[in-house]
Structures are given as C-alpha cells and as structure tokens.
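Novice: return a 3D structure for these sequence lines:
(chains A, B, C and D)
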There are 2 protein chains.
Amino acid sequence: MAREPNPNFMAGVPELMILRLLQEREMYGYEIVQAIRAETGDVVSIGEGVAYTVLHALEREGALKSRRRRVEGRSRIYYALTQAGLKRYQNLAGTWLTLARAIQTVIKQDSFQTFIQTFIMGGHHAAV
Amino acid sequence: MAREPNPNFMAGVPELMILRLLQEREMYGYEIVQAIRAETGDVVSIGEGVAYTVLHALEREGALKSRRRRVEGRSRIYYALTQAGLKRYQNLAGTWLTLARAIQTVIKQDSFQTFIQTFIMGGHHAAV
DNA sequence: CGCTATACCTCTAAGTTAGAGGTAACATAT
DNA sequence: ATATGTTACCTCTAACTTAGAGGTATAGCG
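Specialist: Here you go, the predicted model:
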C-alpha cells in the first residue's frame, strides 16, 4: 500500500475525455480507457478505477444511460450520452478550451523556457 | 455553510500560476491573487484561501522562501522561487503545455461544436 | 489445465479546492 | 472620533477527484 507523493496534475480531465468519446458513439468502460490513451498518444492515461467511478457518477447524475450487451460472447456495459450529458460536455469543453488557451498564453510568455521544454527536453506525460 | 456542487475543473492550476509569477519576481500573497486574475483576464481566479495554502505548502517543500517586508507602512510576506522551485515550475509548465495541447486537439475534433463555443456562445470563466 | 486478455467492480489514502470565517492595520470620509 | 473600505494575512471544513491496490468472472488459446 505504498503511495506515491501523487502529483495530481489535473481535475475533470477524465470526465472531459469520457464525455468527448461518448459524444461520438456508445462505448464501454474498458474500451474507453484504451481509447483515451490512443487518442492522446498516452499524454492522458486514466486508470480503470477512475473510469468506472466517473462513469457511475455520470450515470447517477443523468448524463449517461447504460445498457448491457452481449458482443462476441462478452458481456459489456455500453454507455451513451443523454441530452443532459451532451450539454454537460459542451460546457466542460468550452471551459477547458478557454482554460487551455489561457494557460498556454501565460506560460509561453517565457519563450526561452518554452523553447527548452519543447525542443530540447522533449515531451511530457501526465498520469491522470 | 451551503456548498456548491463544486465543479472543480482542474488541479494544479493555482500552483502553476503562482510559480509562473514568482519565476519573474518576488511577490506577496494578496498581490498574486490579483495578478492571476489580471493576467488571465479572469479566466483563472483563485481564492485567497487556496493561494495561501499553496504558498505555505510550496515553502514547506522548499520551492519557495519568504521574507517579511514593510512597504508603504504595510507588512507583507514576499515569496521568491528557490532553485528547486524553478525546476518544479519548469516541470509543471512542460506537463501542462503538453496536456493543454492534447486536450485542445482532441476537443477541437468536433469542429462544429467548437465553432459554437467560440463564436456564438462566447467565452467561459473557470473559478479555480 | 494454466495463462493471458477482456471486462467489470470496490475500497482507501492522499491530495486539491471552494468558501466561510477570522484578525489587524491603514486610509479616507463623515 | 467613528465608520467604512481596502489591504493583507490566516485557518478550517466539506466536497470532491484521483491513484493504485485489490477483487471477480468469462473467453480463448496452447
């Protein structure tokens, strides 16, 4: 039960990513976790525990609805966006775009340091 | 003691913003809170409680050092980055740039919805 | 049969944040 | 002098998010 110092770089990102995916098509938990990694090139990687927690919370709040399906002999719980869920995604996405822009602007003001980060030190990974 | 549902859109943003400012010059808590609002055009607005909590934590961890100064008859506690603090800022900034870029890319894939958010619904504000 | 991958789930510890609350000094206006 | 407002510091709690460990069960393959 040794716990890392936990950087905890962000909040709401898992939810945002999940809503983003479900806005396109119905998906199941396990699939969502893999898809987020694939979509962001591993920049964002959420654990299964977080994924299911978020999915359950969103369903409880009416943003998602689920149905059990048997596909290729496997039992899966597919989640789909409700109208409320779509609205929630649009709000979250809007807020994040604004925030992401603001942060980039502010941080990039030290261009020397950005140069180093981007071209010399290379990429970064955020374990969500 | 009525509590809002707490959107809690992000984590680490207050720390990032504070380090960013102190990387330029020595500042005091109250000043930092105003500066963040000004710098981001109110997109990011951290409460005093959060600001002082973060400042104290960062000092405890050796990322900042403080000194009490009397300026214009007012007693202020000025915080400055240490070497460790600078390093910490550079790491955090790098991670956030990458994250912000990834999120923007992913979200902007639904361009219709982005169009609406950006040009029709207008800006968003995030209370951190 | 044992192994791996799929697929679901729960729990705890640690962390962040909002917001309410509080103190004190100074500045200006009444 | 007193009131009000601003500056400037601080603490506390409740709510929430997250990481990570742990657990179950089924399917497919060698």
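Novice: give me the pLDDT value at residue A:29.
Specialist: Looking at residue A:29, its pLDDT is 96.
Novice: contact partners for it?
Specialist: A:48, A:51-52, A:55, A:77, A:79 (Cβ atoms under 8 Å, 6 or more residues apart in numbering or on different chains). (Each C-beta comes from the backbone N, C-alpha and C, glycine too.)
Novice: can you narrow these to ones near DNA strand D?
Specialist: Contacts with DNA strand D are made by residue A:48 out of those, judged by Cβ under 7 Å from any atom of the strand.
Novice: quick one, phi/psi of residue A:81?
Specialist: phi -70, psi 140 (degrees, to the nearest 10).
Novice: quick check, pLDDT for it.
Specialist: Predicted confidence (pLDDT) for residue A:81: 96.
Novice: ranges for the helices of chain A?
Specialist: A:13-22, A:29-39, A:48-60, A:83-107, A:111-115 (DSSP state H).
Novice: nearest to residue B:86, out of those?
Specialist: Set against residue B:86 and scored by Cβ to Cβ, those come closest in helix A:111-115, at 9.3 Å.
Novice: what's the neighbour count on the closest residue to DNA strand D within chain A?
Specialist: Nearest to DNA strand D in chain A, going by Cβ to the nearest atom of the strand, is residue A:49, at a distance of 2.5 Å. By other Cβ atoms under 10 Å in any protein chain shown, the residues close to residue A:49 number 9.
Novice: now look at stretch A:84-97 and say if it contacts chain B.
Specialist: Yes. Using Cβ under 8 Å from any Cβ of the partner chain, stretch A:84-97 comes into contact with chain B via A:90-97.
Novice: for residue A:67, which non-adjacent residue is spatially closest?
Specialist: Using Cβ to Cβ, 6 or more residues apart in numbering or on different chains and skipping the chain neighbours, the partner closest in space to residue A:67 is residue A:78 (5.7 Å).
Novice: okay, now the unreliable bits of chain A?
Specialist: Within chain A, the ranges that satisfy pLDDT under 70 run A:1-10, A:110-128.
Novice: right, and residue A:79 touches residue A:63 too?
Specialist: No. The pair residue A:79 and residue A:63 does not pass the contact test of Cβ atoms under 8 Å, sitting 9.5 Å apart.
Novice: got a winner among the residues of stretch A:84-97 next to chain B for most neighbours?
Specialist: residue A:96 (25 neighbours).
Novice: tell me the contacts of that residue?
Specialist: A:12, A:16, B:9, B:103, B:107.
Novice: what count of nearby residues applies to the last one?
Specialist: By that I understand residue B:107. 22.
Novice: circling back to that earlier point, what is the neighbour count of the residue nearest to residue A:67?
Specialist: That count, for residue A:78 with other Cβ under 10 Å as the rule, works out to 18.
Novice: same deal with residue A:63?
Specialist: Count around residue A:63 with other Cβ under 10 Å applied: 23.
Novice: dump the residue contacts of it.
Specialist: A:19, A:81-82, A:84-85, A:88.
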